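Asks: Any chance you could fold what I've pasted below:
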Amino acid sequence: MKDNDSQLLRAIIVDDEELARQGLEMRLQNFERVQVVQSCANAKQALAAIAELEPDLVFLDIQMPGKTGLEMIREIQADILPMIIFVTAYDSFAVDAFKIHAIDYLLKPVENERLAEAIEKALQHKSQLGAVNEKQRLLNLLVSLTGKSPAAIGELMDAQGESSEHADRLAIKDGSSITFVPIKDIDWVDAAGDYMCVHVAGTTHIMRTTMKELESKLDPSIFQRVHRSTIVNLRRVEKVSSHINGEFHLTLSCGSSLKMSRSYKEKVKHFF
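Replies: Numbers count the residues shown, from 1 in each chain. A predicted model of the protein is given here:
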């Protein structure tokens, strides 16, 4: 069953034009590995559907009244951000689309060959994520068997032979200027593709780096992952709440609420 799930893309279609939604949904019926779980007419509906259903993939129109597709994406917490394939009549948005790491970009009317290519890209990307999650499951198992900290096990698994010293501050480039952010002031961090969003006292700084690179600069006794794409400052956590769906939420002193997966609760519980 799990093997089949890994080859299936649960998808949402978001377009303000009803005929466009219906047409794309009909065409996607020709792809056995794509299951359309909801069709949405605007960003508000789509944000609610993504939070509830957590789809693998969203076919997203960019130019919509009220809130554009690009604006909508920036409101989704990175730890539940699905893969995005933009579908639009305007190719001028392509650069902005790929800045936020879209899987692909399709022009209307969508050609069948291009649609097939985009779906194949999404399947490959999901497969790569699955490999990362397998490593995390192994890490959790080793933690429970050995009693060692996740940070120590992670270093052994990576086996890079590198010494990692934890910095006091991050240097974040913004155009021609550099902002130095004291690491102790960071509330939480989430990832969006090759970019990291560093949240500090209500301000979000954008870094072009990877989760692994940033994590190596942070003290693991203070900063821990609570989801595959979220790192939290444990000293900012005020409350851990369980939900009926089996997930957990962290409430931070800054007011942010972050979703934490069950496996990561086991990972960080000894820090609280």
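
Asks: how long is stretch 178-187 end to end?
Replies: End-to-end distance for stretch 178-187: 20 Å, by CA to CA, to the nearest Å.

Asks: Residue 197 reaches residue 203, doesn't it?
Replies: No - using CB atoms under 8 Å, residue 197 is not in contact with residue 203, being 10.6 Å away. The C-beta positions use only the backbone N, C-alpha and C, and glycine is treated the same way.

Asks: Rank the helices and strands of this structure by mean pLDDT and give me the bottom one.
Replies: Within the chain, no helix or strand scores below helix 2-6, which has a mean of 49 by mean pLDDT, DSSP states H and E.

Asks: Which of residue 197 and residue 203 has more residues huddled nearby?
Replies: A direct count of neighbours by other CB atoms under 10 Å for residue 197 and residue 203 places residue 197 higher, at 18 against 11.

Asks: does the more buried one sit in a helix, a strand or a coil?
Replies: strand (DSSP: H, G, I helix; E, B strand; the rest coil).

Asks: Distance of it relative to residue 208?
Replies: Between residue 197 and residue 208 the distance is 11 Å, computed by CB to CB, to the nearest Å.

Asks: Residue 242 too?
Replies: In terms of CB to CB, residue 242 sits 36 Å off from residue 208.

Asks: Same question for residue 75.
Replies: Look at residue 75 and residue 208: by CB to CB, they are 21 Å apart.

Asks: Residue 223 too?
Replies: 19 Å.

Asks: Looking at these two, which is more packed in?
Replies: Taking neighbours as other CB under 10 Å, residue 223 and residue 208 compare with residue 223 leading, 21 against 10.

Asks: My guess is the more buried one contacts residue 235. True?
Replies: No - contact status for residue 223 versus residue 235: not in contact, 9.3 Å apart, counting by CB under 8 Å.

Asks: Can you work out which residues contact both of those two?
Replies: Shared contacts of residue 223 and residue 235 (CB atoms under 8 Å, 6 or more residues apart in numbering): none.

Asks: does residue 251 sit in a helix or strand, and which one?
Replies: strand 248-252 (DSSP states H and E).

Asks: List of residues touching that strand?
Replies: Residues contacting strand 248-252 (CB under 8 Å, 6+ apart): 187-188, 226, 232-233, 236-243, 257-262, 265.

Asks: These in strands, which ones?
Replies: Assignment to strands by DSSP state E places the following of the contacts of strand 248-252 there: 188, 226, 232-233, 237-242, 257-260.

Asks: Now for residue 128: which residues touch it?
Replies: With CB under 8 Å, 6+ apart, residue 128 has no contacts at all.

Asks: and it, that one's in a strand?
Replies: No - applying three-state DSSP, one finds residue 128 to be helix, outside a strand.

Asks: Report the separation between it and residue 18.
Replies: Distance, residue 128 to residue 18, using CB to CB: 34 Å.

Asks: Check residue 117 too.
Replies: Distance from residue 117 to residue 18, counting by CB to CB: 26 Å.

Asks: Then residue 256?
Replies: Counting by CB to CB, the gap from residue 256 to residue 18 is 36 Å.

Asks: out of these two, which sits in the busier spot?
Replies: Using other CB under 10 Å, the more surrounded residue of residue 256 and residue 18 is residue 256, with 15 against 10.
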